[in-house]
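Peer 1: pasting the structure only:
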């Protein structure tokens with residue numbers, strides 16, 4: 001079977017080491033699953049996002065019928081100063097390449113930023129397709145990409161949320177145990193110690209999962225962990241370990257500031273709350289009513305843990321999702 005589709009994937013690399021953020025793996029698995037459903041019978045070949053493509057992959061990219069970028073925090077306003085998408089070693093090569101007509105799938109804007117620079121506008125307009133709609137993670141990303149001159153974007157939310165159609169953010173009663181995830185890259189010891197204290201007051205046992213490479217190291221630096229180690233169970237840093245917990249622990253809530261770890265739990269029926277620390281959780285929470293709270297919203301967190309109504313049903317942008325998928329029916 002000939003190669004039809006290239007997927008730029010944030011979860012892989014040429015050295016085959018575990019990604020620094022397993023959230024990329026969660027996103028990649030879902031994107032691969034959806035593309036397999038859309039393009040049944042096509043070959044899908046993955047190439048890294050965070051490594052410059054080798055000569056083999058350059059040829060695959062040029063020959064592919066479709067080129068997708070699998071959702072990640074990839075886009076930004078000043079990519080001449082720092083671009084996560086390592087496609088060209090020479091920053092001006094984009095204007096002379098044959099890699100045009102790339103389609104975004106669940107991609108987001110890196111942070112709240114200023115207006116896109118002239119270089120950024122030229123880069124995205126040269127690289128991204130104008131024939132097909134792009135699938136974007138949130139409305140903020142759609143607005144920023146339009147500012148960069150690419151107005152054919154749809155706010156489909158993150159593809160990992162598409163399976164949450166019947167998810168309800170409310171809980172009937174507090175669970176017995178909890179799953180905690182903290183981040184190693186935007187730390188706040190004061191707030192995270194308070195969060196652990198909250199959880200110690202309500203749950204018999206706290207499981208901890210390291211989505212990021214150094215999440216566990218950060219946990220071990222916190223006083224409220226040091227003083228209560230016997231109440232914690234540390235999981236292995238694999239998605240399988242996380243899934244084994246979800247299957248085996250029947251009374252479990254998720255609370256943490258890892259967005260995609262939380263969404264993965266929600267997709268498997270675990271009720272929980274994402275504590276927003278950046279634009280990703282905040283914007284998705286705003287768009288689809290994902291159960292998201294700010295760090296300072298302790299009263300709402302307490303109410304939720306105690307079983308009171310804080311969140312309603314998730315409302316996915318089904319029209320936009322169906323429009324994005326539907327455009328490939330005749331492909």
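Peer 2: Received the coordinates, thanks. Just so you know, these numbers come straight off a predicted model, no measurement behind them. Numbers count the residues shown, from 1 in each chain.

Peer 1: tell me the secondary structure for residue 6?
Peer 2: Secondary structure for residue 6, judged by DSSP: H, G, I helix; E, B strand; the rest coil, is strand.

Peer 1: show the pLDDT at the closest residue to it other than its chain neighbours.
Peer 2: Of all residues not flanking residue 6 in the chain, residue 64 sits nearest, at 4.1 Å (C-beta to C-beta, 6 or more residues apart in numbering). For glycine as for every other residue, the C-beta is placed from the backbone atoms N, C-alpha and C. Looking at residue 64, its pLDDT stands at 91.

Peer 1: and residue 93, how many neighbours?
Peer 2: Other residues lying near residue 93 total 11 when counted by other C-beta atoms under 10 Å.

Peer 1: how close does it sit to residue 83?
Peer 2: According to C-beta to C-beta, to the nearest Å, residue 93 stands 12 Å off from residue 83.

Peer 1: quick check: neighbours shared by the two?
Peer 2: Counting by C-beta atoms under 8 Å, 6 or more residues apart in numbering, residue 93 and residue 83 have no shared contacts at all.

Peer 1: strands of the stretch 1-150 of the chain, start to end?
Peer 2: 3-9, 43-48, 66-70, 102-107, 134-136 (DSSP state E, counting those that start in this stretch).

Peer 1: same list (those strands) but as JSON lines, adding mean neighbour count and distance to residue 243.
Peer 2: Formatted as JSON lines, the strands of the stretch 1-150 of the chain follow (neighbours: other C-beta atoms under 10 Å; distance: least, C-beta to C-beta, whole Å):
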{"stretch": "strand 3-9", "mean neighbour count": "21", "distance to residue 243": "21"}
{"stretch": "strand 43-48", "mean neighbour count": "17", "distance to residue 243": "22"}
{"stretch": "strand 66-70", "mean neighbour count": "24", "distance to residue 243": "21"}
{"stretch": "strand 102-107", "mean neighbour count": "25", "distance to residue 243": "21"}
{"stretch": "strand 134-136", "mean neighbour count": "28", "distance to residue 243": "26"}
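
Peer 1: just so I know, which of the ones you listed lies nearest residue 265?
Peer 2: Of all the strands of the stretch 1-150 of the chain, strand 102-107 sits nearest to residue 265, with 18.5 Å by C-beta to C-beta.

Peer 1: who are the packing partners of the closest one?
Peer 2: helix 22-38, strand 66-70, strand 134-136 (3 or more C-beta pairs under 8 Å, 6 or more residues apart in numbering; DSSP states H and E).

Peer 1: which among these is found nearest to residue 204?
Peer 2: Minimum separation from residue 204 across those (C-beta to C-beta) falls at helix 22-38, 26.1 Å.

Peer 1: which other residues reach the closest one?
Peer 2: Contacts to helix 22-38, defined as C-beta under 8 Å, 6+ apart, come from residues 5, 7, 9-12, 19, 44, 46, 68, 70-72, 105-106, 158-160, 162-163, 210-212, 237-239, 258-261, 263-264, 325, 328.

Peer 1: just want the angle from that helix to strand 43-48.
Peer 2: Angle, helix 22-38 to strand 43-48, by axes from the mean of the first three to the mean of the last three C-alpha atoms, to 10 degrees: 160 degrees.

Peer 1: for helix 22-38, buried residues please.
Peer 2: Residues 22-28, 30-32, 34-35, 38 are the ones in helix 22-38 that count as buried (16 or more other C-beta atoms under 10 Å).

Peer 1: out of those, what pair is the most spread apart?
Peer 2: Greatest spatial distance in the buried residues of helix 22-38: 22 and 38, 24.8 Å, computed using C-beta to C-beta.

Peer 1: test my guess that the residue nearest to residue 6 contacts residue 7.
Peer 2: No. With contact defined as C-beta atoms under 8 Å, residue 64 does not reach residue 7; the gap is 9.3 Å.
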